[in-house]
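> Here is my input; please provide its structure:
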Amino acid sequence: MTEPQDPGKSTPHLPTAGPAEHGGTVALDQSASAASFDPPPAKEHSGGSAGRFWSARRIPAGLVALVVLGCTGLLLYDVAAVRAGRPAMQWRRSLADHLAQRPLSNAWVLTGAGLAVVIGLWLLVLAVTPGLRDLLPMRRDRPGVRAALDRTAAALVLRDRAVEVSGVQSVRVRMGRSKVAVRAVSHFRELDDVRADLDTVLATGIDELGLARPPGLSVHVRRPAKKG
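Here you go, the predicted structure:
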């Protein structure tokens, strides 16, 4: 139960626990309220499809290019030297001897092969995935124009909207690519009412962000932790 409010005062009282009017039980105040909503269907626009932005991957590409260039240049030089009548380099003779002596079940051979497979798979993943996960593509309202919104900036916008709701003391917003997780602390008002207002405000805020694929919304409201 909550304490009765003085009609002459505008400042609301914090909810407290008190004895019920009939019976000896104690009615505890609501401690949390949560809801989760699926994203609304994406709106169709004439500007074209809005796919994710692809990363240039300059650092991995540059490292691979340097390694391939160095190994290829060294091998070609050694082959040309052998063709010219000179002996092969010591590293190539030692490598050939070790490979000839070690069976395929040797631990070092298996370790080297596994490392090569891991590096190859990593390069393939980089080649077929767009990257830039912090950029959320926006709707293409005009042909030839592409825009994206940073996830951190989008989270700040939604947080600023949420703190304006009456009863909200603090808010944490985690902006994902498919879900927005909002955790708020309310120090007065009914939690269901605060969460309903947050649902409305944040749903409007997500729509106004203009994202090509609006994320779903998850809102959780609780009371502040008791001190002591």
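> All the strands of the chain, residue numbers only.
According to DSSP state E, the chain carries its strands in the segments 18-19, 26-27, 32-37, 135-137, 148-150, 168-175, 179-186, 216-222.
> Lowest average confidence across those, which one?
In terms of average pLDDT, strand 26-27 trails the rest of the strands of the chain, at a mean of 36.
> on contacts alone, who are the packing partners of the lengthiest helix in the chain?
Counting by DSSP state H, the longest helix found in the chain is helix 58-83. The helices and strands touching helix 58-83, judged by 3 or more CB pairs under 8 Å, 6 or more residues apart in numbering; DSSP states H and E, are helix 107-128. In short, each C-beta sits where N, CA and C put it, glycine included.
> got a list of contacts for the helix it packs on?
57, 60, 64, 102-104 (CB atoms under 8 Å, 6 or more residues apart in numbering).
> just stretch 57-67 next, same as before
Residues from elsewhere that reach stretch 57-67, judged by CB under 8 Å, 6+ apart: 123, 126, 131.
> which residues pair with residue 37 across the strands?
Judged by DSSP bridges, the bridge partners of residue 37 are residue 217.
> thinking again about what came up before, can you tell me the average pLDDT over the longest helix of the chain?
pLDDT averaged over helix 58-83 gives 87.
> residues in contact with the residue nearest the centre of the chain?
The residue lying closest to the centre of the chain (CA atoms, centre = their mean) is residue 176, at 4.4 Å. Contacts for residue 176 (CB under 8 Å, 6+ apart) come out as 151, 215.
> Next, give phi and psi for it.
Backbone torsions for residue 176, taken as degrees, to the nearest 10, come to phi -100, psi 180.
> Can you tell me how far it is from residue 138?
Look at residue 176 and residue 138: by CB to CB, to the nearest Å, they are 16 Å apart.
> Tell me the pLDDT of residue 12.
Residue 12 carries a pLDDT score of 43 in this model.
> tell me the domain boundaries of the protein?
Domain ranges of the chain: 30-51+136-222, 58-128, per automatic domain parsing.
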